[in-house]
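# A predicted structure for the sequence below; I have some questions about it.
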Amino acid sequence: MITLIDIHHLSDAELASLVKTLAGRAREATAELVAHLAELETRGLHLQAGYGSLFEYCREVLLLSEHEAYNRIGAARAARRFPIILDLLAQGAVTLTTVDVLSPCLTTENHVAVLESARGLRKRDVEDLVARLAPKPDVPTSIRKLPSAALTIPAPVAGQAAREATSDPGAGLAVPVESAPVPVIAKPAVVSALSPDRYKLQLTIGGDTLEKLRLAKDMLRHTPSSGDDAAILDRALTLLLAELAKKKFAVSDQPRRSRGVARESRGVPAEVKRAVFVRDIGRCAFVSVSGHRCDERAFLEFHHVRPYAEDGPPTVGNIALRCRSHNGYEWQRWCEERSRADEQMYVNATAAATARMAVRVSAGAKATGSGTSTASGAALVPEPSARTAMAAAGAAGP
């Protein structure tokens with residue numbers, strides 16, 4: 001049985017190395033499972049076991065989730081045609097999702113080149129690759145009203161209501177009770193790559209938004225793109241981005257000269273924000289020890305490289321973009337380093353003060369010939385509450 005207590009004693013380096021090793025084992029195990037599933041389906045063992053499909057066999061016997069079963073079965077069938085997929089899965093060069101997206105486009109002639117070009121790509125990039133391999137025509141613009149959620153009454157409840165209405169003489173005067181509105185859960189927009197630099201956008205909008213779209217089309221009837229919803233969306237987003245840039249970074253065609261920032265202020269001037277955002281390309285600029293840069297572009301914050309607590313100035317050279325997670329991580333790391341430095345300073349100051357006291361007591365003992373007294377010996381060890389005083393004494397010297 002594995003518990004967190006067994007892992008707690010590992011150092012940071014040991015934990016990171018072990019996690020990497022375990023991930024490699026998981027990839028190899030997945031590749032082996034895919035290979036065995038391909039052979040199992042070829043022999044029809046799932047039928048022999050009484051299951052009508054390999055999917056049901058994976059769900060009931062192998063205890064895989066629906067998503068896990070679907071991906072592994074698809075990869076197994078693709079691996080039967082192109083066995084190189086197994087090695088790429090074990091290496092981590094491609095994932096099960098990559099194989100699922102690419103498999104319809106793989107042929108005997110192109111499978112090696114296509115799989116190599118998909119090495120290490122994310123799903124979005126793989127979809128772009130598929131759009132280049134098998135481009136699709138642009139989809140026509142369409143707007144349709146979604147069906148409203150209908151409230152259905154189960155049969156037993158309906159029967160009980162009918163019996164109550166029959167037995168109650170005043171049932172005919174009863175006022176029907178309105179049901180509570182069913183909450184509508186908004187689904188995220190769907191973006192699908194059709195061909196190079198062409199995408200299909202599918203989303204749900206409200207009635208007010210639809211009216212705004214129609215009004216915009218009516219007001220643009222004198223232009224060539226009056227009926228092009230994509231052009232209207234592009235113009236709307238362009239205006240929105242300009243408004244957001246003005247609000248967030250004080251972007252202006254004629255920016256006023258900065259009056260500077262007070263030394264004790266934490267505020268970052270707008271001109272510094274604009275320069276930093278352009279320099280860091282609107283992306284978290286945290287770089288790990290191994291050289292990997294964070295790719296996060298959402299919830300960005302302006303980070304003081306030399307912390308504000310150390311009088312770090314709000315200048316272009318000292319401000320960098322960080323995502324919220326890495327900004328908090330660097331602050332926590334700085335606090336831990338500062339705490340260790342304070343502890344070490346206290347230890348050094350305590351040792352220095354103790355040494356000076358010992359020298360003074362020894363000198364006094366030689367002068368009087370009485371030796372070290374108990375009170376003097378007790379004074380050799382400072383109280384922990386005197387940490388600040390001892391640090392100051394250690395820095396000042398004898």
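Now that the structure is in, tell me what you want to look at.
# how much space separates the most centrally placed residue in the chain from P188?
Against the mean C-alpha coordinate of the chain, by Cα atoms, centre = their mean, the closest residue is E296 at 7.2 Å. Separation of E296 from P188 (Cβ to Cβ, to the nearest Å): 18 Å. Where you see a C-beta, it was placed from the backbone N, CA and C, and this is true even at glycine.
# equivalent analysis for A352, please.
According to Cβ to Cβ, A352 stands 62 Å off from P188.
# out of these two, which sits in the more crowded spot?
More crowded of A352 and P188, by other Cβ atoms under 10 Å: A352, with 18 against 7.
# so how far is the helix or strand the more buried one falls within from its chain's centroid?
Using DSSP states H and E, A352 sits within helix 324-368. Distance, stretch centre to chain centre, for helix 324-368: 40 Å (Cα atoms, centre = their mean, to the nearest Å).
# what packs against that helix?
strand 300-304, helix 374-378, helix 387-396 (3 or more Cβ pairs under 8 Å, 6 or more residues apart in numbering; DSSP states H and E).
# that helix vs strand 300-304, what angle?
20 degrees (axes from the mean of the first three to the mean of the last three Cα atoms, to 10 degrees).
# if I look at the closest residue to A275 other than its chain neighbours, how far off is A285?
Nearest-residue entry for A275: V316, 4.9 Å, with adjacent residues in sequence omitted and distances by Cβ to Cβ, 6 or more residues apart in numbering. In this view, V316 and A285 are 12 Å apart by Cβ to Cβ.
# ditto for P313
When P313 is compared with A285 (using Cβ to Cβ), they lie 18 Å apart.
# also S11?
28 Å.
# more neighbours, those two?
A285 (18 against 8).
# what about the more buried one, is that helix, strand or coil?
coil (DSSP: H, G, I helix; E, B strand; the rest coil).
# pLDDT value on it, please?
Looking at A285, its pLDDT reads 94.
# residues in contact with it?
Applying Cβ atoms under 8 Å, 6 or more residues apart in numbering, we find A285 in contact with 293-294, 320-322.
# which ones among these are found in strands?
320-322 (DSSP state E).
# how about D128: what's its closest non-neighbour residue?
Using Cβ to Cβ, 6+ apart and skipping the chain neighbours, the partner closest in space to D128 is A193 (5.1 Å).
# give me the number of residues near the one you found?
Neighbours of A193 using other Cβ under 10 Å come to 20.
# ranges for the strands of this structure?
Going by DSSP E, the chain shows strands at 190-195, 198-202, 300-304, 319-323.
# T97 and A118, how far apart?
11 Å.
# please enumerate the shared neighbours of those two.
Both T97 and A118 are in contact with V126, where contact means Cβ under 8 Å, 6+ apart.
# more crowded one of the two?
Neighbour count, other Cβ under 10 Å: between T97 and A118, A118 has more, with 20 against 15.
# and that one, what pLDDT?
95.
# so it is in contact with D128, correct?
No - here A118 does not reach D128: they are 10.5 Å apart, not a contact under Cβ atoms under 8 Å.
# what about this protein, any weak spots by pLDDT?
1, 149-186, 225-227, 250-265, 369-398 (pLDDT under 70).
# all helices for the stretch 51-200 of the chain, in order.
Here the stretch 51-200 of the chain has its helices, by DSSP state H, counting those that start in this stretch, at 54-60, 66-81, 84-91, 96-102, 111-117, 123-133, 155-167.
# now, of those, which is deepest in the fold?
Among those, the stretch with the highest mean neighbour count (mean count of other Cβ atoms under 10 Å) is helix 96-102, at a mean of 21.
# can you list contacts of it?
With contact meaning Cβ under 8 Å, 6+ apart, helix 96-102 is reached by 30, 34, 70-72, 74-75, 78, 85, 89, 94, 114-115, 118, 121, 123, 126-127, 129-130.
# switch to 7 Å and redo it
With contact meaning Cβ atoms under 7 Å, 6 or more residues apart in numbering, helix 96-102 is reached by 71-72, 74-75, 78, 85, 114, 118, 121, 123, 126-127, 130.
# neighbours of L33, how many?
Counted with other Cβ under 10 Å, L33 comes out at 19.
# please report the distance of it from L40.
For L33, the distance to L40 equals 10 Å [Cβ to Cβ].
# same check on T107?
26 Å.
# which of these two has more residues huddled nearby?
Neighbours were counted for T107 and for L40 using other Cβ under 10 Å; L40 has more, 19 against 10.
# how about that one, nearest residue that isn't a chain neighbour?
H46 (6.6 Å).
# go on, E41?
L54 (5.1 Å).
# test my guess that that neighbour contacts H46.
Yes - counting by Cβ atoms under 7 Å, H46 is a contact partner of L54 at 5.0 Å.
# pull up the distance across stretch 214-223, start to finish.
Criterion Cα to Cα, to the nearest Å; first-to-last residue distance in stretch 214-223 is 15 Å.
# the nearest residue to L210 once chain neighbours are set aside: neighbour count?
Excluding the flanking residues, the one nearest L210 by Cβ to Cβ, 6+ apart is I143, at 6.9 Å. Residues lying near I143 (other Cβ under 10 Å) number 9.
# please apply the same query to H326.
20.
# relative to G24, how far out is the closest residue to it other than its chain neighbours?
In this structure, H326 finds its nearest non-sequential neighbour in F286, 4.1 Å apart by Cβ to Cβ, 6+ apart. For F286, the distance to G24 equals 25 Å [Cβ to Cβ].
# which one's more surrounded, these two?
The residue with more neighbours, out of F286 and G24, is F286; 19 against 13, by other Cβ under 10 Å.
# let me see the contact set for the more buried one.
Counting by Cβ under 7 Å, 6+ apart, F286 has contacts 293-294, 322, 326.
# from S325, how far out is it?
Distance from F286 to S325, by Cβ to Cβ: 9 Å.
# now G50
49 Å.
# would you map out the domains in the chain?
18-121, 270-332, 341-396 (automatic domain parsing).
# Throw these into a markdown table and include distance to G206, thanks.
Formatted as a markdown table, the domains of the chain follow (distance: least, Cβ to Cβ, whole Å):
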| stretch | distance to G206 |
| --- | --- |
| domain 18-121 | 31 |
| domain 270-332 | 24 |
| domain 341-396 | 56 |
